[in-house]
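K.L.:
A structural model of the following input is requested.
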Amino acid sequence: MEISDNWMPLILQSVSDSIKYKEMLLQSETLRDIEDHEENLIFLSELLGYLKDEYSKNQHKFTLTPEEILGKNA
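P.N.:
Next up, the predicted model:
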């Protein structure tokens with residue numbers, strides 16, 4: 001599968017936002033199926049790591065670094 005270079009910054013940001021959302025959701029006292037959400041958070045974190053690595057390998061194609069896209073805590 002190939003992903004357009006134009007989509008990569010958006011995908012990085014979307015996965016990062018999904019992780020932040022899941023982390024906030026896990027703090028909810030009314031959440032059910034906590035284990036499923038924790039597992040999903042792990043997969044999202046692994047996906048973000050993979051995407052950042054692939055983005056960095058192709059950094060010459062982009063003007064921004066992953067850290068600039070995702071913020072200093074990326």
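K.L.:
flag every buried residue along the top helix by length along the chain.
P.N.:
Counting residues, the longest helix found in the chain (DSSP state H) is helix 34-57. Judged by neighbour count using 16 or more other C-beta atoms under 10 Å, the buried positions of helix 34-57 are 37, 40, 41, 44, 45, 48, 51, 52, 55. Where you see a C-beta, it was placed from the backbone N, CA and C, and this is true even at glycine.
K.L.:
name the residues that touch it?
P.N.:
Around helix 34-57, the neighbours that count as contacts under C-beta atoms under 8 Å, 6 or more residues apart in numbering are 8, 11-12, 15-16, 18-19, 22-23, 25-26, 31, 62, 65-66, 70, 74.
K.L.:
let's see it at 6 Å
P.N.:
8, 12, 15, 18, 19, 22, 26, 66 (C-beta atoms under 6 Å, 6 or more residues apart in numbering).
K.L.:
how near is the first one to residue 32?
P.N.:
According to C-beta to C-beta, to the nearest Å, residue 8 and residue 32 sit 34 Å apart.
K.L.:
ok, the last one next?
P.N.:
To residue 32, residue 66 is 34 Å away according to C-beta to C-beta.
K.L.:
comparing these two, which residue is more hemmed in?
P.N.:
residue 66 (22 against 7; other C-beta atoms under 10 Å).
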